[in-house]
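1. Take this sequence and fold it.
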Amino acid sequence: INLKESTVPEIERVNLSQIVLQLKFIGIEKIQDFNFLSPPSTSALSSAIQQLYLLGCLDKTGEITGHGRKVANLPLSPIFAHLVITSTKPDFSCTREILSCVSCLSAENVLFNPLDEGEREKAKVSHAQFSSPEGDLPSLVRLFSMYMAARKVHKGFGLNEWCRQKYLNAKSLEKALQIRTQLATIIKSKLKLDPNASCESEGKKLLRCIAAGLSLQVAMRVPSVALNDRKKQGIKRCYRVVRGGQEVVIHPTSSVFQRNPPPKCITYTEVLETTRHYLKWVTIIDSAWLTELVPQLYKTQN
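-> I've put the predicted structure just below:
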């Protein structure tokens, strides 16, 4: 086994944007001159600063903004924290729903996907009851809502059994609840905002909030291509991320995977790199919302 001679420095394994924002939050103005134990590359640092600027956390001079201070109060990556703060705006008022999404994503692996093919099919059928036609984040809202309802009925082993039957990870969902409680407390006590603000049945508000909050993580569909290779037959359905131009595909575990017709515009929370670049936790949005909600980033619908 070929092992690396030294471990990867912590600064290269964590979210650099989050570190930069925290340094700005405590008053460090010149990040380039900060004495890091393992200094990040100049390009990585510039990329982190640019992301924070595009999120509205830093102004043109590099100073932290009021929005940036709110984002820095939440123990999340700037992207997720920005999404949460966006949800508190009166136009969306869906903080309760977004907190459920972000908490499940932070806990990781709330859905149990067995390795056995037969069991995997059963899990797929079970997960379909949580599935939303709009995509994965609205599906997480449904899932967490059903989990909270089950907690009122089932206790201890009974709740674990309910999760097992639904092919859900009980420990991850318990962790998601803990994360959600912590975030709600910070939002109420420190930020003086309402963590229970809900869009209720107005699903469009939730989708518009996701479009605004994840505006840096958008992908557009490119024309489908027929595959005539001996080993690969069918239709190649690809997307191109708006920021960076990388060609990607939707991950098979997404509820949007193989949707017919495939959505034209989507947001995502993660890019998984294996033999290809896969988008995870995909949500369908209207591209026209981007020019309306974040005109500073999207000046034309094209």
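2. got the contact list for the most centrally placed residue in the chain?
-> Among the residues of the chain, the one closest to the centroid is residue 269, at 3.2 Å (C-alpha atoms, centre = their mean). Neighbouring residues of residue 269 by C-beta atoms under 8 Å, 6 or more residues apart in numbering: 79-80, 105, 137, 214, 217, 280-281. All C-beta spots, glycine's among them, are computed from the backbone N, C-alpha and C.
3. Now with 7 Å, please.
-> Residue 269 sits next to 105, 214, 217, 280-281 when contact means C-beta atoms under 7 Å, 6 or more residues apart in numbering.
4. Next, count neighbours for the nearest residue to residue 135 once chain neighbours are set aside.
-> Nearest residue to residue 135, sequence neighbours excluded (C-beta to C-beta, 6 or more residues apart in numbering): residue 283, at 3.7 Å. Residue 283 sits with 27 neighbouring residues when counted by other C-beta atoms under 10 Å.
5. For the stretch 101-250 of the chain, which segments count as helices?
-> For the stretch 101-250 of the chain, helices defined by DSSP state H, counting those that start in this stretch occupy the ranges 117-127, 136-153, 157-165, 170-189, 203-213.
6. Single out the most deeply packed of those.
-> helix 203-213 (a mean of 23; mean count of other C-beta atoms under 10 Å).
7. before we move on, back to that, how about the residue nearest to the centre of the chain, phi and psi?
-> Note on residue 269: backbone dihedrals following degrees, to the nearest 10 are phi -110, psi -10.
8. Tell me the spacing between it and residue 218.
-> 12 Å (C-beta to C-beta, to the nearest Å).
9. rewinding a little: take the helices of the stretch 101-250 of the chain and write them to JSON lines, including distance to residue 88.
-> Formatted as JSON lines, these follow (distance: least, C-beta to C-beta, whole Å):
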{"stretch": "helix 117-127", "distance to residue 88": "30"}
{"stretch": "helix 136-153", "distance to residue 88": "16"}
{"stretch": "helix 157-165", "distance to residue 88": "30"}
{"stretch": "helix 170-189", "distance to residue 88": "7"}
{"stretch": "helix 203-213", "distance to residue 88": "10"}
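10. Look up how far residue 148 lies from residue 103.
-> Where residue 148 is concerned, residue 103 sits at a distance of 11 Å (C-beta to C-beta).
11. Same check on residue 131?
-> Counting by C-beta to C-beta, the gap from residue 131 to residue 148 is 18 Å.
12. so where is the stretch 201-302 of the chain shaky, pLDDT-wise?
-> Residues of the stretch 201-302 of the chain that meet the criterion pLDDT under 70 lie in 224-236, 300-302.
13. let's see 90
-> Within the stretch 201-302 of the chain, the ranges that satisfy pLDDT under 90 run 201, 223-237, 244, 258-260, 275, 296, 299-302.
14. For the residue nearest to residue 134 when sequence neighbours are not counted, give me its contacts.
-> Distance criterion C-beta to C-beta, 6+ apart; nearest residue to residue 134, sequence neighbours excluded, is residue 284 at 5.4 Å. Listed by C-beta under 7 Å, 6+ apart, the contact set of residue 284 reads 134-135, 256, 263, 266.
15. Just the pLDDT for the residue lying closest to residue 187 once chain neighbours are set aside.
-> Among residues not flanking residue 187 along the chain, residue 195 sits closest, at 4.4 Å (C-beta to C-beta, 6+ apart). Residue 195 is assigned 98 on the pLDDT scale.
16. now residue 195: how far from residue 59?
-> 27 Å.
17. shouldn't residue 106 be in contact with residue 177?
-> No - with contacts counted by C-beta atoms under 7 Å, residue 106 stays clear of residue 177, the gap being 11.3 Å.
18. for stretch 214-222, which positions count as buried?
-> Neighbour-count burial for stretch 214-222 flags 214-219, 221 (criterion: 16 or more other C-beta atoms under 10 Å).
19. Do me a favour and get the end-to-end distance for that stretch?
-> 20 Å (C-alpha to C-alpha, to the nearest Å).
20. how far out from the middle of the chain is that stretch?
-> Computed by C-alpha atoms, centre = their mean, to the nearest Å, the chain-centroid distance of stretch 214-222 equals 12 Å.
21. Contact partners for residue 67?
-> By C-beta under 7 Å, 6+ apart, residue 67 lies in contact with 56-57, 85.
22. Mind doing that once more with 6 Å?
-> residue 56 (C-beta atoms under 6 Å, 6 or more residues apart in numbering).
23. tell me the SS of it?
-> helix (DSSP: H, G, I helix; E, B strand; the rest coil).
24. pLDDT wise, what is it at?
-> Per-residue confidence (pLDDT) for residue 67: 98.
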